[in-house]
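Undergrad: Show me how the following folds:
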Amino acid sequence: MLQNLHSLLALGCILLAGYGFGRPVINGLRLREDGPIERIAWALGTGLTLAGSLLAVIGLLGWLNETLVGLFTLFGCLAGTWALYLDLLSINSPTDEDEPLGGSFSKTDGYPVDDGVLGWSPPARWLIGGLLALAALAALGSLISALAPPTAGDALCYHLELPKVFLAEGGIRFLPYHDGSTYPLLTEMWYAWALALDGPVAAQLVHWATGLLLALATVVLGQEVLGRGWARVAGLLVLTVPGITNQMTAPLNDLSLAFLGTLAVAAWYRGAVDGRSSRWFVVAGLMIGGALATKYLALLAAMAIAGVWCWHAWRRPHFRELLWRGGLTMAVVGASLAGPWYVRAAWHRGNPVYPFLSEVFPVRAQAAAFDAPDGDASARDSSDSAVPAADGAAATTARPTIRQSKRPLTCHPWHLMTAAWQITMTPERFGGRAHQLGILPLALLPGLLLCRRLRGLGTLLAIAALYTAAWFMLRQNARFLLPVVPPVLVAVAWVIQEMRHWAPAPRAVLGLVLAGVLTTLALVPLERCSEAVQVAAGLESRDDYLVRNEASYRAAAVANCLLPNDARLLSLDYRTFYFQCPTVRENVLRRYTGYDHPSPAAHPSGANDSAATPGTVTRRLRELGFTHLLLVENRAERGIQFDPTLPRLLDQETRTSGRRAEARLPRPLVEYDFRDRDGAVRHYRLVSLPDGRTQR
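TA: Purely as a prediction, here's the structure:
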């Protein structure tokens, strides 16, 4: 229990420090805010973006360590406390009005923010109270799961593994054999912050808090269109989306992208559409820059905003110059914030969006670097792009014959007409049921045909539609659609508002159906957290929980206790976060060195692997500096399929070498079977490589 309290305290310090970094920026821009929800959303969005970027600069300079992060946090907390004090003093004082963009938009052209002006009454208190209770239940269930140690595959091979290595190295290092090391890593800087203060649970809680911030950002976005009351309905609906509550239980980066992207659209809307202060473009630039520094998918959001922006510039010729000037401001600020990540990728990989667009940007050969000394950072790689995103439990190093298509839907007319139905009803084809978006958009969005036209809603839906179209053409994973959830739920809230004009009988029937659906969705996180209740309550240790739920943890615990300080591990499992020693993933080694090929011509890298024939595999691995192996073998054909190349080569070596000592692997340090949630059973062996001194 004390461990969980410490993790929650670390989360509180990060949020308070983020508020302290962001609030002075918003105050300095003198932007009007309409309430505490907006104040918190803008301050934390700005503050966390700037704090993560500052930590990245510290890491690139090689100064990243726990002491400096602690001082950084202390300064931020003091600034946050002072900012909260000033906010309390000014709570009754009038706020500055935003300056218009060179002239005022009329209320018929702009979008008022007060329910009374909009001409419809705010939602009933019982509706807000009921949604608040359901959202609280969903957030509580996700919190219980987030208090358990992380087991998500992507987190253990990338989102947490990289910050762990950076903290150990004292800075952000280029890892040639880890594709993720040159990705945009803003969210991973938040995780490095949490790891320095507490550990992986605190990092997981950061992403849980990002889900709450996404709900606040949805309120901020919807307020300009729906008014304050109905925007809060949209924000509460966010916390009933199964894909969002599932993401809140694992340290990934999709919610961070959705949160910053939503604030970017909201700030852009205030400047370009609603005609408020041109200073909103600075905030929009900060937010889109943060999104671009989080994930490549933000490029799609930026293009969607740009497309709708061009439409508004064409429709409003009198404000065209100011709109383009604001667009330039947004682009410069965003590029300044996110640009270094893309320049870094171009410098190291020759491709600013590596590993994508490889047909445009040639990939630099890096195989020779693997023969570096033991202390070289290249030895600390653990995963590669062959690992697709995990949905809480599993990614795969699967054989190519069983890999799932990245585009289940084609441009066939039937697929286009049924896309929404298939994404909603068959989410396992789009990344897994854990990422499903829920039934509300599919059920209620057609109701827009029966609703009055709402000015401004079309702009938000146009941005969502452009983003979805790009998603459709690239990679169709349901969790990549999370950035469109806020504008879609704003439209859903409008349909619910318009239901009040229906006849009493159909309104009552639909209301009961919606109540049942929302209750079911809110209870999903409570059902998911059943495995984590004991560890969250302090009735089970984190070690015991990981032994039951994380396949690699038992081997990691033994390795951390028994392996020497100079150990280097070659692992078939991609989840390496819990190993303290430098760990390299076997298929990455094989991809860049081709050690399983009999001749250099057999591998495109051209590496000299003539010694890597059956009978000399262990010798070749020793030459590469490895001391131990983590072997994983499938017991059945179901579930995740690990590549059997290395176990097969070792078996061939044993058979062809007879009884020679170098051919026999020592008795495993640990050996066990693990049954995963998908029913797959895998056999784990942690063994030492023979050092050659026993050869006869």
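
Undergrad: Please count neighbours and contacts with C-alpha atoms only from this point.
TA: Noted.

Undergrad: Leu61 touches Gly170, doesn't it?
TA: No. Between Leu61 and Gly170 no contact is recorded; they are 9.2 Å apart, counting by C-alpha atoms under 8 Å.

Undergrad: Please say which of those two ends up with more neighbours.
TA: Gly170 (18 against 13; other C-alpha atoms under 10 Å).

Undergrad: Against Asp566, how distant is that one?
TA: The spacing between Gly170 and Asp566, counted by C-alpha to C-alpha, to the nearest Å, is 18 Å.

Undergrad: do the same with Leu512
TA: Taken as C-alpha to C-alpha, the span from Leu512 to Asp566 is 64 Å.

Undergrad: what about the stretch 1-150 of the chain, any weak spots by pLDDT?
TA: 33-34, 91-119 (pLDDT under 70).

Undergrad: In contact with the residue lying closest to Thr249 once chain neighbours are set aside, which residues?
TA: Nearest residue to Thr249, sequence neighbours excluded (C-alpha to C-alpha, 6 or more residues apart in numbering): Ala146, at 4.5 Å. Counting by C-alpha atoms under 8 Å, 6 or more residues apart in numbering, Ala146 touches 201, 204-205, 208, 248-250.

Undergrad: Going along the chain, name the helices of the stretch 501-650 of the chain.
TA: With DSSP state H, counting those that start in this stretch as the definition, the stretch 501-650 of the chain shows helices at residue ranges 504-528, 533-536, 542-549, 553-562, 586-593, 617-623, 645-657.

Undergrad: oh sorry, the question was meant for the stretch 351-500 of the chain
TA: 413-425, 440-444, 457-473, 485-498.

Undergrad: right, and these - which one's nearest Leu649?
TA: helix 457-473 (40.0 Å; C-alpha to C-alpha).

Undergrad: List of residues touching that closest one?
TA: 225, 300-301, 303-305, 307-308, 407, 409, 480-481, 484, 487-488, 490-491.

Undergrad: how does it look with 7 Å?
TA: Residues outside helix 457-473 that contact it (C-alpha atoms under 7 Å, 6 or more residues apart in numbering): 225, 300-301, 304-305, 308, 484, 487-488, 491.

Undergrad: how much does that helix deviate in direction from helix 413-425?
TA: 100 degrees (axes from the mean of the first three to the mean of the last three C-alpha atoms, to 10 degrees).

Undergrad: and helix 457-473, C-alpha only, in CSV?
TA: What follows is helix 457-473, C-alpha atoms only, in CSV (Å, rounded to 0.1, in the frame of the first residue of the first chain):
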residue,chain,number,x,y,z
LEU,A,457,-19.9,21.3,-35.6
GLY,A,458,-19.3,20.8,-39.3
THR,A,459,-15.8,22.2,-38.9
LEU,A,460,-14.9,19.8,-36.1
LEU,A,461,-16.4,16.8,-38.0
ALA,A,462,-14.5,17.8,-41.2
ILE,A,463,-11.2,17.7,-39.3
ALA,A,464,-12.2,14.3,-37.9
ALA,A,465,-13.2,13.0,-41.4
LEU,A,466,-10.0,14.1,-43.0
TYR,A,467,-7.9,12.4,-40.3
THR,A,468,-10.0,9.2,-40.6
ALA,A,469,-9.6,9.2,-44.4
ALA,A,470,-5.8,9.3,-43.9
TRP,A,471,-6.0,6.6,-41.3
PHE,A,472,-8.1,4.5,-43.7
MET,A,473,-5.4,4.7,-46.4
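
Undergrad: so where is the stretch 401-550 of the chain shaky, pLDDT-wise?
TA: In the stretch 401-550 of the chain, residues with pLDDT under 70: 401-405.

Undergrad: Over to the residue nearest to Leu61 when sequence neighbours are not counted. Which of the three states is it?
TA: Closest residue to Leu61 apart from its sequence neighbours, by C-alpha to C-alpha, 6+ apart: Gly171 at 6.8 Å. Three-state call for Gly171 (DSSP: H, G, I helix; E, B strand; the rest coil): coil.

Undergrad: Does Gly171 touch Ala56 like I think?
TA: No. With contact defined as C-alpha atoms under 7 Å, Gly171 does not count as touching Ala56 (8.7 Å).

Undergrad: mind showing which ranges of the stretch 251-400 of the chain have poor pLDDT?
TA: 362-400.

Undergrad: hmm, try it at 80
TA: 274-277, 357-400 (pLDDT under 80).

Undergrad: Can you tell me who Leu685 pairs with across the strands?
TA: Actually, residue 685 is Arg rather than Leu. Beta-bridge pairing for Arg685 (DSSP bridges): Leu631, Glu671.
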